[in-house]
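S.K.: I'd like to go over a predicted model; first the sequence, then the structure.
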Amino acid sequence: MAYLREIITDGHPTLRKVAKKVEADELRDPLFQQLIDDMFETMYHAPGIGLAAPQINISKRLFVVDLGEEKDDRGPLVFVNPRFTETEGEVEAIEGCLSVPGMIGEMTRHARVVCSALDRYGKRFSVEATGLFSRCLQHEMDHLDGVLYTDKAKNVRPAVTEEEHAALAEVEGEADGIARVAQAVRGTDRDAAPQAEAALSA
Ligand code: NI
């Protein structure tokens, strides 16, 4: 059984802390497994495609991601003590965050990353990401370091137009946009994902 946790918003001190590394014995704790289940439940309920532990007031280095795809490598995924082993390129797109409700801004991210992390059972894995997946991983990683996209984004503003509301789906999103992003990503292969992202930002 999974439970909804409260998502904290900008101004809460936990969002500004550098989160602590997860120790191996914590992964064996049933309460830690419960935390992961609750994070997925909370993310799906929001709805969002990524959620970091600090966003539910747990200052630990883990986040969950699910781009709503059936492919195993795009979610649902748990990243414990993640780090980027490769980063490449730059791309700007509109971004939003569940902890900064209703706001959007233009944010530059790496176009491609390779992320190495432990899964929920402590097994190391590595995943390559481009497009929305890559943006999402970088956004969640920032949460583990006490950084919000609004610290670095340009033209942060309330989402007003339909397109801007749809763009909120990028990274952590809101309901209507999530469905559109899921459709856009599902309808393309990995290499085409950046085009889907660009379309949503237009
Ligand atoms: Ni966020």
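M.R.: Great, that's in hand.

S.K.: looking at the residue nearest to the spatial centre of the chain now. What's its pLDDT?
M.R.: Taking Cα atoms, centre = their mean, the centroid of the chain lies closest to G50, which sits 3.1 Å from it. Note on G50: pLDDT of 93.

S.K.: and for K20?
M.R.: In this prediction, K20 carries a pLDDT score of 98.

S.K.: next, count neighbours for it.
M.R.: Residues within reach of K20, counting by other Cβ atoms under 10 Å, total 14. C-beta here means a position set from N, CA and C on the backbone, and glycine is covered the same way.

S.K.: going forward, begin numbering at 40 instead of 1
M.R.: All right, first residue 40 from here; so that's K59.

S.K.: against A91, how distant is it?
M.R.: 13 Å (Cβ to Cβ, to the nearest Å).

S.K.: same deal with G170?
M.R.: Distance, G170 to A91, using Cβ to Cβ: 20 Å.

S.K.: the more surrounded of the two?
M.R.: Between G170 and A91, counted using other Cβ under 10 Å, the more crowded position is A91 (30 against 24).

S.K.: if the spatially closest residue to L116 that is not a sequence neighbour is in a bridge, with which residues?
M.R.: In space, and not counting its chain neighbours, L116 is closest to V104: 4.9 Å by Cβ to Cβ, 6 or more residues apart in numbering. Here V104 shows beta-bridge partners G89, L116, assigned using DSSP bridges.

S.K.: okay, the residue in the chain that the ion sits nearest to: pLDDT?
M.R.: Residue of the chain nearest the ion, by Cβ to the ion: C136 (3.2 Å). pLDDT, C136: 92.

S.K.: so it makes contact with V186?
M.R.: No - taking contacts as Cβ atoms under 8 Å, C136 lies outside contact range of V186: 10.6 Å.

S.K.: of these two, which one has the most company?
M.R.: Ranked by neighbour count (other Cβ under 10 Å), C136 and V186 place C136 first, with 30 against 15.

S.K.: list the beta-bridge partners for the more buried one.
M.R.: Counting by DSSP bridges, C136 is bridged to V139.

S.K.: quick check: the closest residue to G135 other than its chain neighbours vs L70, distance?
M.R.: Nearest residue to G135, sequence neighbours excluded (Cβ to Cβ, 6+ apart): L207, at 3.9 Å. Noted for L207: a distance of 32 Å to L70, by Cβ to Cβ.

S.K.: who's more crowded, those two?
M.R.: Taking neighbours as other Cβ under 10 Å, L207 and L70 compare with L207 leading, 27 against 7.

S.K.: isn't that one up against L137?
M.R.: No - contact criterion Cβ under 8 Å: L207 and L137 do not qualify, at 9.5 Å.
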